[in-house]
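Engineer: Let's see this in three dimensions:
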Amino acid sequence: MTRMTMSRHATAQPSAAPAAAADMRLDKWLWVARFFKTRGLAAEEVDKGRVHVNGQAAKPARSVRVNDTIEIRQPGSVRELLVLGLGAMRGPATVARTLYQETEASIRAQQQAAEARKFGVEPANAQELGRPTKRDRRDLVDWQRWSASVDDE
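Structural biologist: Numbers count the residues shown, from 1 in each chain. The predicted structure follows:
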């Protein structure tokens with residue numbers, strides 16, 4: 001078996017946290033645990049203050065250890081996680097799920113958010129922001145031309 005095929009079939013397992021690898025950078029852990037597609041995106045989110053470790057704002061280079069709690073704020077949800085392991089490399093999603101455990105409160109909040117999305121769209125989310133486009137202005141003018149009003153007399 002060649003080296004290329006051997007590495008393709010190998011699966012990444014969470015490390016048992018030996019003395020040399022007792023911690024890992026936060027941005028790398030978020031990437032390995034598959035919360036973000038790239039390490040750069042993970043670092044951006046941490047820099048924006050959307051990720052907290054043990055209740056404190058963090059920087060991308062902050063060390064993450066087993067049993068730390070991580071709070072990730074994503075659009076429409078807040079996830080609270082307990083770190084169970086540190087992965088050596090990014091692997092399949094099934095392996096990534098073994099690196100953390102979501103808290104019960106976070107799971108309940110996710111379910112409530114899903115129920116709320118079922119019943120309809122939040123009107124504030126549907127509102128478009130910013131200036132109207134040229135097409136929007138034309139539609140508005142066309143609508144005003146054909147609308148009847150008591151004041152038009």
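Engineer: make it CA atoms for all contacts and neighbour counts henceforth
Structural biologist: Fine.
Engineer: How far does stretch 22-31 sit from its chain's centre?
Structural biologist: 15 Å (CA atoms, centre = their mean, to the nearest Å).
Engineer: buried set for it?
Structural biologist: Neighbour counts over stretch 22-31 (16 or more other CA atoms under 10 Å) mark 23-24, 26-31 as buried.
Engineer: hey, where'd the strands end up in the protein?
Structural biologist: 14-15, 24-25, 51-53, 56-57, 63-64, 69-74, 77-83, 86-87, 100-102 (DSSP state E).
Engineer: Same list, the buried residues of stretch 22-31, but as TSV with pLDDT and distance to residue 116 please.
Structural biologist: As requested, those are exported to TSV (pLDDT from 0 to 100; distance: CA to CA, whole Å):
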residue	pLDDT	distance to residue 116
23	88	38
24	92	36
26	95	31
27	94	31
28	95	33
29	95	31
30	95	27
31	95	29
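Engineer: Let's see which of these end up in helices.
Structural biologist: The helices, defined by DSSP state H, take in 26-31 from those.
Engineer: Nearest to residue 63 among those residues?
Structural biologist: Residue 63 has its nearest neighbour among those in residue 26, at 5.9 Å by CA to CA.
Engineer: Could you count how many residues lie near residue 55?
Structural biologist: The number of residues packed near residue 55 is 11, by other CA atoms under 10 Å.
Engineer: tell me the contacts of it?
Structural biologist: In this structure, residue 55 makes contact with 69-71, judged by CA atoms under 8 Å, 6 or more residues apart in numbering.
Engineer: so which of those is the most crowded?
Structural biologist: When neighbours are counted by other CA under 10 Å, residue 70 leads the contacts of residue 55 with 23 neighbours.
Engineer: give me the beta-bridge partners of that residue?
Structural biologist: Taking DSSP bridges as the rule, residue 70 bridges to residue 53, residue 81.
Engineer: Check it and give its pLDDT.
Structural biologist: Looking at residue 70, its pLDDT stands at 96.
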